[in-house]
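Participant: what's the 3D shape of this:
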Amino acid sequence: MKKQNKKENTRKTESQAVASPKGLTEECLRFYPFLLVAVALAAVMGVLTVVESSYLQRVEELNLFLYTPLFFQQQLVVAGGMLTYLGTCFTQFFYHPWLGSLLLCGWLGLLAWLVKRTFCIPNQWGALLLVPVALVLITDFDLGYWIYYMKLRGHFFVLVMGASLAVALTWAYRAATRYPWLAYVVLVLTGLAAYPLAGIYGLLALLLMAVITWRLPLSVAQKAARTALAVAFIIFGPLICYRNVYYQTNSDFIWMQALPNYEVDKVYFAYYWPYILLALFLVLAAIFFKQERKWQPVNRKLLWLCAQLAVVLVVTLGTWHFWYKDKSFHEEIEMTACVDRQDWEGVLTLMRQHDGDPTRMMVMYKNLALFRLGRAGNEMYNYRDGSQAPNSPFDLRIAQIGGKNIYLYYGLPNYCYRWCLEDGVEYGWRVEHLKFLTRCAILNGETVVAKKYIDLLRNTLYHGEWADRYAALLTDEIDENIAKCTELGPVRRLMKGSDLLGSDQSLIELFMLNSQAYRQTDDPVCAELVLLSALQLKDIPAFWRAFSQYANLHVGEPMPRHFQEAAYLYGHLEKNVDISSMPFDPAVKQSYDGFMQLAQRCRGMKEEQMKPIFYPQYGNTFYYNYFLMRNLRSY
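Facilitator: Next comes the predicted model:
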């Protein structure tokens with residue numbers, strides 16, 4: 001009877017303890033870290049899906065994952081190949097931004113959970129679990145234009161998977177310590193297999209094992225032996241693999257396999273700081289590891305709450321600060337997507353919405369859209385011209401950003417083909433490359449080559465339908481099929497006698513304008529392109545030749561406004577061509593007279609001072625572009 005009463009009193013006491021504020025606090029602390037991480041990842045998921053969807057889809061286009069045995073074998077020719085294979089596999093799901101974001105957030109949640117379990121992070125300091133999450137996000141969303149120059153395949157998932165593997169192996173090693181022989185087995189297997197599969201992250205796992213060894217209940221001799229073994233694998237493992245297996249790897253980077261190479265003209269070391277800080281965080285977690293996992297009551301709750309808020313605030317502000325938010329970069333990506341969809345009006349809408357000077361890539365996309373719509377001669381200067389410097393730490397080339405589209409749609413597919421091959425060799429093959437190569441081969445009538453690229457695209461998860469659509473053009477009537485194709489038909493018209501492969505010196509815009517402005521053609525559409533090119537070059541002799549050619553091929557049609565403006569201006573500037581009999585619109589003459597009168601009143605002012613005065617009334621004229629838009633930088 002007394003024992004029964006004692007048990008009932010014990011249960012009563014325990015229930016009261018749980019119901020008490022102290023008990024509730026402890027119960028809340030059990031779930032606090034996981035709830036905090038879940039809320040943070042939900043917010044990240046929302047931002048990625050709503051704000052970064054175009055960026056993620058562009059990342060997917062610059063990725064390639066093939067469901068073939070050969071593709072798998074090709075990834076394993078370097079250390080860390082398994083990570084790049086899996087990274088490219090997961091990256092393909094950014095085709096649906098919500099799905100790719102969900103997978104990325106899932107990996108981040110797994111990493112936070114592994115860190116918590118492996119290093120026994122106290123529940124009171126659950127906010128620290130946001131640190132590795134934030135550092136991984138920074139490496140993915142502080143890239144900007146690096147996405148075009150990134151050589152590490154599957155970059156978006158490599159770090160989070162590699163860090164998760166390193167932490168998981170450390171957990172396995174710690175758990176196996178109760179059986180000394182098993183701990184050595186885990187350590188040796190990690191040393192033998194982790195580096196070939198995961199590169200530097202296998203070495204990180206060995207480092208964490210060496211550090212956490214000194215926090216385990218072992219003798220000094222055992223600790224020293226295990227540490228020496230781990231260090232030996234770190235030093236000699238990559239050397240042995242390099243000499244016997246991965247001899248194609250650059251010997252300077254054998255300890256850095258599966259890390260991105262942030263080098264263009266020089267090494268940009270600042271981009272490695274998130275990787276260094278993540279490794280340092282994990283090492284510190286191993287140093288301060290404690291085996292006990294008791295539910296410690298929170299004393300000084302206000303101080304604890306302030307500390308947690310401080311960690312969350314620093315992590316949030318730090319992530320937001322390093323998050324790449326350049327508007328022009330994102331608008332270029334959205335314009336590229338519009339070009340891929342043949343949504344030329346979408347390109348113009350984005351250009352109208354842009355605030356400030358546009359980049360040259362945006363201007364080129366705008367001019368391409370107007371040309372494809374047949375409105376460039378009347379509307380090309382209705383939009384801002386400019387050459388805003390891209391927000392990039394290194395010098396960019398339009399060839400890597402959107403130059404392949406420019407070459408393709410202006411009737412120079414051989415140059416598009418050449419740049420796809422060069423970039424494929426330099427930066428790795430991408431879905432975008434295969435699509436361009438397919439269209440170029442079709443335009444050149446190379447059906448066997450086109451089928452090769454189509455077969456590769458059919459081995460992807462999401463681009464088989466695209467491949468089938470272009471495969472339908474490869475029949476005996478391929479020329480008729482291309483002529484009927486709304487995308488490739490207009491390109492074929494521009495190709496006659498113009499696509500002779502040479503050197504463009506990586507200056508796509510200037511090369512394209514010069515290659516088109518001096519052409520002789522009997523095609524009305526091609527004649528318009530020739531005149532537009534001469535107009536943009538501001539080459540007066542080339543303009544008059546192209547103007548005459550265009551007029552002869554468009555007899556009885558109204559002359560577009562910008563062509564009239566250029567002819568009226570050049571006729572007054574040089575007087576080498578008699579323009580007195582040309583039927584200029586009265587509005588063209590009136591705007592010219594008004595522009596020149598205002599120029600007289602502004603004599604002595606610098607160009608930058610004149611621009612805001614002239615732009616409201618004359619910004620949409622060729623006169624403004626000719627006199628006030630000079631020294632525009634192309635790249």
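Participant: Would you map out the domains in this protein?
Facilitator: Using automatic domain parsing, the domains assigned to the chain come out as 28-322, 331-568, 569-635.
Participant: so how far is the shortest one off the chain centroid?
Facilitator: I take that to be domain 569-635. Using CA atoms, centre = their mean, to the nearest Å, the mean C-alpha position of domain 569-635 is found 40 Å from that of the whole chain.
Participant: what about residue 598, neighbour count?
Facilitator: Neighbourhood size, residue 598 [other CB atoms under 10 Å]: 14. (C-beta placed from N, C-alpha, C; glycine too.)
Participant: Sorry, slip of the keys, the one I care about is residue 180.
Facilitator: For residue 180, the neighbour count with other CB under 10 Å is 12.
Participant: And residue 590, by the same measure?
Facilitator: Other residues near residue 590 come to 10 when the count uses other CB under 10 Å.
Participant: tell me the contacts of it?
Facilitator: Contacts for residue 590 (CB atoms under 8 Å, 6 or more residues apart in numbering) come out as none.
Participant: So residue 234 is in contact with residue 205, correct?
Facilitator: No. Shown here, residue 234 and residue 205 do not form a contact pair, counting by CB atoms under 8 Å, at 9.8 Å.
Participant: higher neighbour count, these two?
Facilitator: With neighbours defined as other CB under 10 Å, residue 234 and residue 205 compare such that residue 205 has more, 31 against 19.
Participant: Not counting the strand or helix carrying that one itself, show me its contacts.
Facilitator: Using DSSP states H and E, residue 205 sits in helix 200-213. Residues from elsewhere that reach helix 200-213 (CB under 8 Å, 6+ apart): 80, 83, 119, 162-163, 165-167, 169-170, 173-174, 187, 190-191, 193-196, 198, 223, 226-227, 230-231, 233-234, 237-238, 255-259, 279, 282-283, 286-287, 289.
Participant: Give me the next element, helix or strand, following the longest helix along the chain.
Facilitator: For the chain, the helix that runs over the most residues, judged by DSSP state H, is helix 21-50. Sequence-wise, the next helix or strand downstream of helix 21-50 (DSSP H and E) is helix 53-61.
Participant: And the next helix or strand past that next one?
Facilitator: For helix 53-61, the following helix or strand on the C-terminal side (DSSP H and E) is helix 69-75.
Participant: how distant is the very next helix or strand once past that next one from the center of its chain?
Facilitator: Using DSSP H and E, the next helix or strand after helix 69-75 towards the C-terminus is helix 81-91. Once both centres are worked out by CA atoms, centre = their mean, helix 81-91 turns out to sit 16 Å from its chain's centre.
Participant: can you give me the angle helix 81-91 makes with helix 200-213?
Facilitator: For helix 81-91 against helix 200-213, the angle by axes from the mean of the first three to the mean of the last three CA atoms, to 10 degrees is 110 degrees.
Participant: which residues are contacting helix 81-91?
Facilitator: Outside helix 81-91, the residues that touch it by CB under 8 Å, 6+ apart are 59-60, 63-65, 71-72, 75-76, 78, 100, 103-104, 107, 152-158, 161-162, 165, 196-199, 201, 258.
Participant: Dump the C-alpha coordinates for that helix into CSV.
Facilitator: Output of helix 81-91 as CSV, limited to C-alpha atoms (Å, rounded to 0.1, in the frame of the first residue of the first chain):
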residue,chain,number,x,y,z
GLY,A,81,33.0,13.1,-58.6
MET,A,82,30.1,11.4,-56.7
LEU,A,83,29.3,14.8,-55.2
THR,A,84,29.2,16.5,-58.6
TYR,A,85,27.1,13.7,-60.0
LEU,A,86,24.5,14.0,-57.2
GLY,A,87,24.8,17.8,-57.3
THR,A,88,23.9,18.0,-61.0
CYS,A,89,21.1,15.5,-60.4
PHE,A,90,19.5,17.7,-57.8
THR,A,91,20.1,20.9,-59.7
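Participant: Can you pull out the low-pLDDT segments for the stretch 501-635 of the chain?
Facilitator: Regions of the stretch 501-635 of the chain meeting the criterion pLDDT under 70 are absent.
Participant: Strands along that one, start to end?
Facilitator: For the stretch 501-635 of the chain, applying DSSP state E, counting those that start in this stretch gives no strands.
Participant: which helices and strands does the helix or strand containing residue 308 pack with?
Facilitator: Using DSSP H and E, residue 308 maps to helix 301-322. Secondary structure elements in contact with helix 301-322, counted by 3 or more CB pairs under 8 Å, 6 or more residues apart in numbering; DSSP states H and E, are helix 130-141.
Participant: hmm, 10 Å instead?
Facilitator: When contacts are defined as 3 or more CB pairs under 10 Å, 6 or more residues apart in numbering; DSSP states H and E, helix 301-322 sits against helix 21-50, helix 130-141.
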